[in-house]
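Student: kindly return the folded structure for what I paste below:
(chains A and B)
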Amino acid sequence: EVQLVESGGGLVQPGASLKLSCVASGFTFSDYWMSWVRQTPGKTMEWIGDIKYDGSYTNYAPSLKNRFTISRDNAKSTLYLQMSNVRSEDTATYYCTRVGYYSSSVDYWGQGVMVTVSS
Amino acid sequence: DIQMTQSPASLSASLGETVTIECRASEDIYNGLAWYQQKPGKSPQLLIYNANSLHTGVPSRFSGSGSGTQYSLKINSLQSEDVASYFCQQYYDYPYTFGAGTKLELK
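Tutor: So this is what the prediction gives:
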């Protein structure tokens, strides 16, 4: 069974940094592109970015690429999202997601982790 | 960025009814489209990918169609467990973008 378990969320002050982690199980992590997607409290979905199966290539939403970094450790089957200089508009539920093998849709989602940016 | 316009924003339907949700892309996305279902308090789940391919384990009452810039999700014989929000997403071009969602309720 595919499982994606995020951690690292919580309350963070504006301007601070935060690193989210996602441990994957139930599949060969190093075979798959992975991505992060967030959902605002108003339910808007936003694609953050993705990373190639070997970690050699990343893509980002232009509005986030200067502050967010996606990385992975295939030996630990773990995906990361480093967030810096966070803003109130970064308040959202962050989902770790697996990119499908036969298409670039998201075929599995984690349970999500909440990040609240507030002073 | 490719804009995804999803309609309607909300929908009320009766059990057994057929429901259609639509997404229009701001440019041709060559069937690079997925549909997701999100039940209240849960993570989204993939229903349809490549515009018309049913994801593993998804009931056959769900179907996707369309081409170019116009796509639709159809739910035949609506069941109570289909009460959820539905999102489309284009993955033809970066950055991938989502529709605003459709909230489906029972009448």
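Student: if I've got this straight, A:Glu89 is in a helix?
Tutor: Yes. Counting by DSSP: H, G, I helix; E, B strand; the rest coil, A:Glu89 is part of a helix.
Student: confidence score at it?
Tutor: At A:Glu89, the pLDDT value in this model is 97.
Student: quick check, A:Val117 in contact with A:Asn85.
Tutor: No. Counting by C-beta atoms under 8 Å, A:Val117 stays clear of A:Asn85, with 10.3 Å between them. From N, CA and C alone the C-beta is placed, and that goes for glycine too.
Student: looking at these two now, which is surrounded by more residues?
Tutor: Taking other C-beta atoms under 10 Å in any protein chain shown, A:Val117 and A:Asn85 do not tie; A:Val117 has more neighbours (19 against 12).
Student: from B:Gln37, how far out is B:Pro95?
Tutor: To B:Gln37, B:Pro95 is 23 Å away according to C-beta to C-beta, to the nearest Å.
Student: A:Thr78 now?
Tutor: From A:Thr78 to B:Gln37 the distance is 27 Å (C-beta to C-beta).
Student: quick one, which of the two is more surrounded?
Tutor: Shown here are A:Thr78 and B:Gln37; by other C-beta under 10 Å, B:Gln37 has more neighbours (22 against 18).
Student: show residues contacting the helix or strand where that one lies.
Tutor: Element membership for B:Gln37, per DSSP states H and E: strand B:33-38. With contact meaning C-beta atoms under 8 Å, 6 or more residues apart in numbering or on different chains, strand B:33-38 is reached by A:103, A:105-106, B:21, B:23, B:25, B:44-51, B:62, B:64, B:66, B:71, B:73, B:82, B:84-92, B:101.
Student: cool, stretch B:10-27 as well?
Tutor: Contacts for stretch B:10-27 (C-beta under 8 Å, 6+ apart): B:2-8, B:33, B:35, B:66, B:68-80, B:82, B:86, B:88, B:90, B:92, B:99, B:102-107.
Student: same check on stretch A:18-33?
Tutor: Against stretch A:18-33 from outside (C-beta under 8 Å, 6+ apart): A:1-10, A:12, A:34, A:36, A:50-54, A:72, A:74, A:76-83, A:86, A:94, A:96, A:98-99, A:101, A:104, A:110, A:113, A:115.
Student: what's the span of it, first residue to last?
Tutor: 22 Å (C-alpha to C-alpha, to the nearest Å).
Student: check contacts around residue 82.
Tutor: No chain specified, so I'll use chain A. Per C-beta under 8 Å, 6+ apart, neighbours of A:Gln82: A:Ser17, A:Leu18, A:Lys19, A:Phe68, A:Thr69, A:Ile70, A:Ser71.
Student: wrong chain, I was asking about chain B
Tutor: Contacts for B:Asp82 (C-beta under 8 Å, 6+ apart) come out as B:Val19, B:Gln37, B:Ile75, B:Leu104.
Student: go again with 7 Å.
Tutor: B:Ile75, B:Leu104 (C-beta atoms under 7 Å, 6 or more residues apart in numbering or on different chains).
Student: for B:Tyr92, see how far away the most centrally placed residue in chain B is.
Tutor: Central residue of chain B (C-alpha atoms, centre = their mean): B:Trp35, 3.8 Å from the mean position. Distance of B:Trp35 to B:Tyr92, computed by C-beta to C-beta: 15 Å.
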